[in-house]
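> sequence first, then the predicted structure, then my questions.
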Amino acid sequence: MQVPFFLGYYIIGDNMVKSKIRENLTVFCFGGIIYGLVEVVTRGYTHWSMLLTGGLAFLLIHIVNINMKNRSLLLRCLAGCGIITFLEFVVGCIVNRGLHMNVWDYSGQKFNLLGQICPLFSMMWFLICIPAVFLSYMLKRNLR
(Lines give C-alpha, C1' and ligand atoms only; values in the text may rest on other atoms or scores of the structure.)
Protein backbone atom coordinates (compact mmCIF):
# COMPACT_ATOMS: atom_id res chain seq x y z
CA MET A 1 0.00 0.00 0.00
CA GLN A 2 1.32 3.42 -0.88
CA VAL A 3 0.48 6.48 1.21
CA PRO A 4 0.21 9.79 -0.71
CA PHE A 5 3.56 11.17 -1.85
CA PHE A 6 3.23 14.42 0.10
CA LEU A 7 3.57 12.43 3.34
CA GLY A 8 6.86 11.03 2.12
CA TYR A 9 6.07 7.49 3.22
CA TYR A 10 6.05 4.29 1.19
CA ILE A 11 4.61 1.55 3.35
CA ILE A 12 4.54 -2.14 2.53
CA GLY A 13 2.69 -4.66 4.70
CA ASP A 14 -0.13 -4.46 7.21
CA ASN A 15 2.09 -4.21 10.31
CA MET A 16 3.93 -1.21 8.92
CA VAL A 17 0.63 0.52 8.14
CA LYS A 18 -0.62 -0.08 11.70
CA SER A 19 2.70 1.14 13.08
CA LYS A 20 2.61 4.32 10.99
CA ILE A 21 -1.03 5.00 11.95
CA ARG A 22 -0.18 4.50 15.62
CA GLU A 23 2.83 6.81 15.32
CA ASN A 24 0.87 9.54 13.54
CA LEU A 25 -2.05 9.31 15.96
CA THR A 26 0.31 9.49 18.94
CA VAL A 27 2.13 12.49 17.49
CA PHE A 28 -1.20 14.22 16.71
CA CYS A 29 -2.55 13.67 20.23
CA PHE A 30 0.75 14.65 21.83
CA GLY A 31 0.85 17.90 19.83
CA GLY A 32 -2.76 18.78 20.63
CA ILE A 33 -2.35 18.17 24.35
CA ILE A 34 0.96 20.03 24.62
CA TYR A 35 -0.33 23.01 22.65
CA GLY A 36 -3.48 23.11 24.77
CA LEU A 37 -1.36 23.08 27.94
CA VAL A 38 0.88 25.85 26.58
CA GLU A 39 -2.22 27.99 25.95
CA VAL A 40 -3.67 27.30 29.40
CA VAL A 41 -0.36 28.21 31.06
CA THR A 42 0.23 31.36 28.96
CA ARG A 43 -3.28 32.80 28.63
CA GLY A 44 -5.37 30.87 31.13
CA TYR A 45 -7.62 28.98 28.70
CA THR A 46 -7.76 27.22 25.37
CA HIS A 47 -10.38 26.24 22.80
CA TRP A 48 -11.10 22.80 21.32
CA SER A 49 -10.14 24.08 17.86
CA MET A 50 -6.65 24.81 19.18
CA LEU A 51 -6.24 21.21 20.33
CA LEU A 52 -7.02 20.00 16.80
CA THR A 53 -4.85 22.68 15.21
CA GLY A 54 -1.95 21.99 17.58
CA GLY A 55 -2.20 18.27 16.86
CA LEU A 56 -2.24 18.77 13.11
CA ALA A 57 0.60 21.28 13.28
CA PHE A 58 2.81 18.95 15.30
CA LEU A 59 1.99 16.00 13.02
CA LEU A 60 2.96 18.03 9.93
CA ILE A 61 6.10 19.31 11.67
CA HIS A 62 6.95 15.71 12.60
CA ILE A 63 6.56 14.53 8.99
CA VAL A 64 8.62 17.43 7.63
CA ASN A 65 11.24 16.96 10.34
CA ILE A 66 11.69 13.28 9.50
CA ASN A 67 11.91 14.05 5.78
CA MET A 68 14.35 16.92 6.36
CA LYS A 69 16.56 15.09 8.87
CA ASN A 70 19.70 16.03 6.91
CA ARG A 71 18.81 19.74 6.83
CA SER A 72 19.80 22.37 9.36
CA LEU A 73 17.75 23.07 12.47
CA LEU A 74 17.18 26.61 11.14
CA LEU A 75 15.59 25.31 7.93
CA ARG A 76 13.43 22.78 9.78
CA CYS A 77 12.24 25.48 12.20
CA LEU A 78 11.46 27.83 9.30
CA ALA A 79 9.39 25.06 7.70
CA GLY A 80 7.61 24.46 11.01
CA CYS A 81 6.97 28.18 11.43
CA GLY A 82 5.43 28.26 7.95
CA ILE A 83 3.24 25.25 8.75
CA ILE A 84 1.93 26.74 11.99
CA THR A 85 1.39 30.20 10.49
CA PHE A 86 -0.49 28.72 7.51
CA LEU A 87 -2.70 26.55 9.76
CA GLU A 88 -3.32 29.48 12.08
CA PHE A 89 -4.49 31.60 9.16
CA VAL A 90 -6.77 28.90 7.73
CA VAL A 91 -8.25 27.90 11.09
CA GLY A 92 -8.57 31.56 12.10
CA CYS A 93 -10.48 32.40 8.95
CA ILE A 94 -12.83 29.49 9.65
CA VAL A 95 -13.39 29.70 13.41
CA ASN A 96 -12.87 33.42 14.02
CA ARG A 97 -14.11 35.10 10.88
CA GLY A 98 -16.48 32.47 9.47
CA LEU A 99 -17.99 30.97 12.63
CA HIS A 100 -17.46 34.10 14.80
CA MET A 101 -16.02 32.09 17.71
CA ASN A 102 -13.43 34.80 18.52
CA VAL A 103 -10.77 32.35 19.68
CA TRP A 104 -7.98 34.91 19.05
CA ASP A 105 -7.55 38.31 17.48
CA TYR A 106 -4.23 39.77 16.39
CA SER A 107 -5.78 42.90 14.88
CA GLY A 108 -3.93 45.01 17.46
CA GLN A 109 -0.56 43.66 16.33
CA LYS A 110 1.54 45.37 13.67
CA PHE A 111 1.41 43.95 10.15
CA ASN A 112 -1.37 41.47 10.95
CA LEU A 113 -3.32 39.77 8.18
CA LEU A 114 -7.07 39.91 8.83
CA GLY A 115 -6.31 39.73 12.56
CA GLN A 116 -5.46 36.03 12.21
CA ILE A 117 -1.67 35.99 11.82
CA CYS A 118 1.13 38.46 12.49
CA PRO A 119 4.94 38.52 12.42
CA LEU A 120 5.28 38.56 16.22
CA PHE A 121 3.46 35.28 16.64
CA SER A 122 5.18 33.76 13.60
CA MET A 123 8.50 34.45 15.35
CA MET A 124 7.12 32.75 18.46
CA TRP A 125 6.10 29.73 16.34
CA PHE A 126 9.66 29.59 15.03
CA LEU A 127 10.98 29.42 18.60
CA ILE A 128 8.42 26.77 19.57
CA CYS A 129 9.66 24.68 16.64
CA ILE A 130 13.09 24.29 18.24
CA PRO A 131 11.88 21.96 21.03
CA ALA A 132 9.26 20.51 18.66
CA VAL A 133 11.99 19.23 16.31
CA PHE A 134 13.76 17.46 19.16
CA LEU A 135 10.48 16.13 20.57
CA SER A 136 9.65 14.79 17.12
CA TYR A 137 12.91 12.82 17.00
CA MET A 138 12.36 11.52 20.53
CA LEU A 139 8.86 10.28 19.61
CA LYS A 140 10.10 8.74 16.35
CA ARG A 141 12.83 6.87 18.20
CA ASN A 142 10.48 5.64 20.96
CA LEU A 143 7.56 4.68 18.71
CA ARG A 144 9.44 2.12 16.62
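Structure's in. What do you need?
> assumed residue 121 was part of a strand.
No: counting by DSSP: H, G, I helix; E, B strand; the rest coil, residue 121 falls outside a strand, being helix.
> can you count the residues close to the closest residue to it other than its chain neighbours?
Nearest residue to residue 121, sequence neighbours excluded (C-beta to C-beta, 6 or more residues apart in numbering): residue 106, at 6.5 Å. The C-beta positions use only the backbone N, C-alpha and C, and glycine is treated the same way. Residues lying near residue 106 (other C-beta atoms under 10 Å) number 20.
> lowest-scoring secondary structure element of this protein by mean pLDDT?
Within the chain, no helix or strand scores below helix 14-43, which has a mean of 92 by mean pLDDT, DSSP states H and E.
> check which helices and strands that one sits against.
The helices and strands touching helix 14-43, judged by 3 or more C-beta pairs under 8 Å, 6 or more residues apart in numbering; DSSP states H and E, are helix 48-67, helix 119-142.
> just the angle between that helix and helix 48-67, please?
130 degrees (axes from the mean of the first three to the mean of the last three C-alpha atoms, to 10 degrees).
> buried residues, helix 14-43. List them.
Applying a neighbour-count criterion of 16 or more other C-beta atoms under 10 Å, one finds 23, 24, 27, 28, 30, 31, 32, 34, 35, 36, 39 buried in helix 14-43.
> now tabulate those in JSON lines and tack on distance to residue 127.
Listed next are the buried residues of helix 14-43 as JSON lines, based on distance: C-beta to C-beta, whole Å:
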{"residue": "23", "distance to residue 127": "25"}
{"residue": "24", "distance to residue 127": "25"}
{"residue": "27", "distance to residue 127": "20"}
{"residue": "28", "distance to residue 127": "22"}
{"residue": "30", "distance to residue 127": "19"}
{"residue": "31", "distance to residue 127": "16"}
{"residue": "32", "distance to residue 127": "19"}
{"residue": "34", "distance to residue 127": "15"}
{"residue": "35", "distance to residue 127": "14"}
{"residue": "36", "distance to residue 127": "18"}
{"residue": "39", "distance to residue 127": "15"}
